[in-house]
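> Generate a structure from the sequence data that follows.
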Amino acid sequence: MAVDVGDPKSGFRHCDVVVFINEEVLRNGGGPSFYLTFRSRPWKDIEDGLKSVVADTRVPRTIKRACAWSALALGVRVATRQREKQSRRVQQLHNEVEEHEAATWTLATDLERLREERDEVVSELRSARDNLKQVLHECDMLHKRLIEFDLSQQLLAESQDTEYPGTLPWPLIIKEHIEALDTDLQSGQYAVTPKKDQMASVTVLETLHEAEEFSASSM
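As a prediction, the model looks like this:
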């Protein structure tokens with residue numbers, strides 16, 4: 001018997017077909033030798049073996065028919081083996097696709113999380129920038145007030161010295177300090193921003209006038 005009826009790798013699903021092939025092999029004087037020789041070979045080797053038999057003029061025609069039936073059975077076996085191999089390959093590719101999809105989903109989730117973290121950091125930086133601007137503005141205002149206070153104290157002390165001989169008249173003192181303040185503010189000595197120079201000069205001028213009125217009333 002060339003083909004084993006109980007062989008699951010033979011590729012045949014019906015026993016009647018296997019029995020018929022075996023009968024044809026035996027009826028033509030053949031046996032299981034050709035089938036067993038090429039059972040695990042690729043189709044190229046099977047076809048080369050059949051060609052050597054068919055091309056040999058010394059081999060009877062019946063034996064050639066028997067080898068042809070065996071080659072037919074072997075062709076079915078090779079096709080089944082290739083189909084199983086392709087099925088395993090397809091399953092492998094399917095698993096790889098699922099792994100790639102899972103990895104892609106993970107990367108997409110990580111990317112979304114990083115975007116949210118970036119937006120949060122940008123929001124915090126903008127808030128910190130706004131707070132810094134506010135603090136710098138308040139520092140400028142406090143610095144300006146400190147300068148005004150120092151100047152008012154100096155003018156008050158100098159106004160008290162006007163009763164002594166050799167001192168300048170009060171209007172001249174006011175004029176000199178106003179000019180000195182304008183000069184210092186323009187040169188940046190007191191680190192007040194240029195946009196606030198005019199405001200600082202007006203405030204100091206008002207302080208000087210108030211000090212002048214107070215001095216005049218006390219006399």
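
> What are the structural domain limits within this structure?
15-87, 130-218 (automatic domain parsing).

> helices or strands next to the longest helix along the chain in the packing?
In the chain, with assignment by DSSP state H, the single longest helix is helix 61-160. On a contact count with 3 or more Cβ pairs under 8 Å, 6 or more residues apart in numbering; DSSP states H and E, helix 61-160 meets helix 15-27, helix 33-37, helix 43-55, helix 170-187, helix 197-218. Placement of C-beta: from N, CA and C, glycine included.

> switch to 6 Å and redo it
Applying 3 or more Cβ pairs under 6 Å, 6 or more residues apart in numbering; DSSP states H and E, we find helix 61-160 packed against helix 15-27, helix 33-37, helix 43-55, helix 197-218.

> Could you tell me the least trusted of these?
Among the helices and strands packed on helix 61-160, helix 197-218 has the lowest mean pLDDT, at a mean of 50.

> List the contacts of the nearest residue to E24 once chain neighbours are set aside.
Counting by Cβ to Cβ, 6 or more residues apart in numbering, W69 is the residue found nearest to E24 once chain neighbours are left out, at 4.7 Å. By Cβ atoms under 6 Å, 6 or more residues apart in numbering, W69 lies in contact with I21, E24, V25.

> where's W69 relative to I46, distance?
13 Å (Cβ to Cβ, to the nearest Å).

> cool, and R39?
R39 is 9 Å from I46, by Cβ to Cβ.

> What of N95?
For N95 relative to I46 (Cβ to Cβ), the value is 33 Å.
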